[in-house]
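1. Next input, structure requested:
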Amino acid sequence: MTEGLSGAPLSASAARVQQALADLGLDCRITEHAASARTSQEAAHLLGCAVGQIAKSLIFRATVSGDPVLVVASGSNRVDEGKIGALLGEAIGRAKPEFVREVTGYAIGGIPPVGHARVIRTFVDEDLLAFDVVYAAGGTPNALFPIQPADLLRVCGGHAADVKN
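-> Predicted coordinates:
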């Protein structure tokens, strides 16, 4: 059984992300909290960090191909779907919860940037690169882990981009 930073067993979803991080050669430790961290504001308050340090993973769906698109955005930014569409070469729209679970293996509110059910084209908000450490969801709305932005960019196979509205 996988354990988090506190030594307590992780939930099944968080344990899958912890294993994905280990498989990627990262020593990031997921912590599951009693309080929800479903929103960037909740996560920042819980961790005592800036909202901009929260790396929120958002799944979109390309409107022509139907392919999933992951945008890992700074918690203080709104994603400009037009910019992502231009980078992708086709428009994108919000993905339905069922689609998100199908392509990632996780529910909205706890989507990690790694460990998905399938390969997803990924864009990482360049604003995240300004921080020494950022915090990403670990598979549940209560699970978070710290990661250096350069490692995040590398392990999620993302392209740094201006994604903000």
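
2. wouldn't K164 be in contact with V71 here?
-> No: using C-beta atoms under 8 Å, K164 is not in contact with V71, being 10.1 Å away. Every residue, glycine included, has its C-beta placed from N, CA and C.

3. which one of the two has more residues nearby?
-> Using other C-beta atoms under 10 Å as the criterion, K164 and V71 rank with V71 on top: 25 against 15.

4. Spell out which residues are contacts of both of K164 and V71.
-> Shared contacts of K164 and V71, defined by C-beta atoms under 8 Å, 6 or more residues apart in numbering, comprise V79, D125.

5. Other residues contacting the helix or strand where E102 lies?
-> Using DSSP states H and E, the element containing E102 is helix 97-104. Contact with helix 97-104 is made by 59, 61, 68, 95, 106-108, 111-112, 116-118, 120, as judged by C-beta under 8 Å, 6+ apart.

6. which non-adjacent residue is nearest V155?
-> Spatially, and ignoring its direct neighbours in sequence, V155 is nearest to L24 (4.6 Å; C-beta to C-beta, 6 or more residues apart in numbering).

7. any idea how far that neighbour is from A34?
-> Going from L24 to A34 by C-beta to C-beta, to the nearest Å gives 28 Å.

8. now swap in A44 and tell me
-> To A34, A44 is 17 Å away according to C-beta to C-beta.

9. So for these two, which residue has more residues nearby?
-> Each of A44 and A34 has its neighbours counted (other C-beta under 10 Å); A44 has more, 19 against 6.

10. count of neighbours near the residue nearest to that one when sequence neighbours are not counted?
-> With C-beta to C-beta, 6+ apart as the criterion, A44 has its nearest non-adjacent residue at 4.4 Å, and that residue is V51. Neighbourhood size, V51 [other C-beta under 10 Å]: 17.

11. Tell me which stretches of the chain form helices.
-> 12-23, 40-47, 81-88, 97-104, 149-155 (DSSP state H).

12. In CSV: those helices, plus mean pLDDT and distance to N142.
-> Shown next, in CSV, are these (pLDDT from 0 to 100; distance: least, C-beta to C-beta, whole Å):
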stretch, mean pLDDT, distance to N142
helix 12-23, 95, 8
helix 40-47, 93, 9
helix 81-88, 97, 28
helix 97-104, 96, 17
helix 149-155, 95, 20
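
13. Let me have the ones you listed in CSV, adding distance to G138 as columns.
-> Compiled in CSV, these are given as follows (distance: least, C-beta to C-beta, whole Å):
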stretch, distance to G138
helix 12-23, 5
helix 40-47, 11
helix 81-88, 24
helix 97-104, 13
helix 149-155, 13
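
14. Sheet partners, orientation included, of the strand ranked longest in the chain?
-> Counting by DSSP state E, the longest strand found in the chain is strand 54-62. The pairing partners recorded for strand 54-62 under DSSP bridges are strand 68-74 (antiparallel), strand 92-94 (antiparallel), strand 134-137 (parallel).
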